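Trainee: Compute the structure for the input listed below.
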Amino acid sequence: MRIAPTLVALAAAGLVALAGCGSGGDQPEQDGSAQAESAPAGQEGAAPDGGAEGQPQVPEADLEGVPEVVAEVNGEEISREEFTKNYEGQLQQSAMQSGGEEVDQDTLKKQVAQMLVDNRLLTQAAEDAGIEPTEKDVEDTLEDIAAQNGMGSADEVVSALSEQGISEDKIREDAASQFRVNTYVQQEGDIKEPTEEELRTQYDGYVEQMQSGGGAQQSQVPPFEEIRDQLAQEMVTQQQNAAAQEIVKGLGEDADVTINL
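Mentor: The predicted structure is shown next:
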């Protein structure tokens, strides 16, 4: 299961775990897609001491030397605890995608620290912009995450994350942060709904990719109407990510950021 990248991590470690909880379904997957591949942290057989048959072994997280305060962003601290939750999830994801090669944990730690800094910059900017979500906005955000993961409702998302030890208050708090950031990026970036022509072009590329695989894949190509909305969401997500990267670049130029790794 792929999960659209969140500009702010919703209950970060649990969000990675969510990828293993969805029921699946037809999902367009293309090279260069902005969708992030997340490994099911809670999936049976994916324990650090060895994976299920056919799955790469997940190494133990090397947290030696990680300080209590990993980074500071405009006076706000990113704690070792927050870093660890994100890092362990990202380590598992990287191991699942590594093809059996050893994960460079030093490089990954720096990448995760930078990701958390970028997320904090976006969160701060969204809060400064005065964006305040309603209860419906929070519920709609959770419904979107449910749809991305093949789940039926926001309640299923809350239940799945709760099983990872994350409180409902924390889940909804992070969903509110995600709404703020998404809204901020939508306002600051030039995000447009794709046209029918653009969607058809995207679909044609998807069909070509599937057919080039030959065999059973050719018979698995769903009709355009069936995956139109998924293609549209993917294209919007790509725009959001590109806009977020540009916004973060600008925010970073004026920010007081220290990374202690």
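
Trainee: where does V69 fall, phi/psi-wise?
Mentor: In terms of degrees, to the nearest 10, the main-chain angles of V69 are phi -110, psi 110.

Trainee: can you start the count at 47 instead of 1 from here on
Mentor: Okay, using 47 as the starting number, the last item reads as V115.

Trainee: next structured bit after the biggest helix by length in the chain?
Mentor: Secondary structure of the chain per DSSP state H: the longest helix is helix 270-299. Using DSSP states H and E, the helix or strand that follows helix 270-299 in sequence is strand 303-305.

Trainee: Check what pLDDT Y252 gets.
Mentor: Confidence at Y252, expressed as pLDDT, is 87.

Trainee: I'd like the distance between it and Q284.
Mentor: The gap separating Y252 from Q284 is 14 Å, by CB to CB, to the nearest Å. (Each C-beta comes from the backbone N, C-alpha and C, glycine too.)

Trainee: and the two? which has more neighbours close in?
Mentor: The residue with more neighbours, out of Y252 and Q284, is Y252; 21 against 17, by other CB atoms under 10 Å.

Trainee: Okay, and that one sits in which element?
Mentor: Element membership for Y252 (DSSP H and E) is helix 242-258.

Trainee: Just the buried residues of that helix, please?
Mentor: Across helix 242-258, burial judged by 16 or more other CB atoms under 10 Å covers 245, 248-249, 252-253, 256.

Trainee: can you check stretch 204-216 too?
Mentor: Residues of stretch 204-216 classed as buried: 204, 206-207, 210, 212 (neighbour count, 16+ other CB under 10 Å).

Trainee: low-scoring pLDDT stretches of this protein, where are they?
Mentor: Applying pLDDT under 70 to the chain picks out residues 47-102, 259-265.

Trainee: List the contacts of L188.
Mentor: Listed by CB atoms under 8 Å, 6 or more residues apart in numbering, the contact set of L188 reads 200, 203-204, 217-218, 221.

Trainee: ok, back up a step: possible to save the buried residues of helix 242-258 as CSV with distance to E178?
Mentor: Below are the buried residues of helix 242-258 laid out as CSV (distance: CB to CB, whole Å):
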residue, distance to E178
L245, 33
Q248, 34
Y249, 38
Y252, 38
V253, 43
M256, 43
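
Trainee: Out of those residues, which is nearest to G121?
Mentor: Nearest to G121 among those is Q248, at 42.5 Å by CB to CB.

Trainee: which residues sit in contact with the closest residue in space to the closest one that isn't next to it in sequence?
Mentor: Spatially, and ignoring its direct neighbours in sequence, Q248 is nearest to L277 (5.1 Å; CB to CB, 6 or more residues apart in numbering). Contacts here follow CB under 8 Å, 6+ apart; on that basis L277 touches 74, 240, 245, 248-249, 252.
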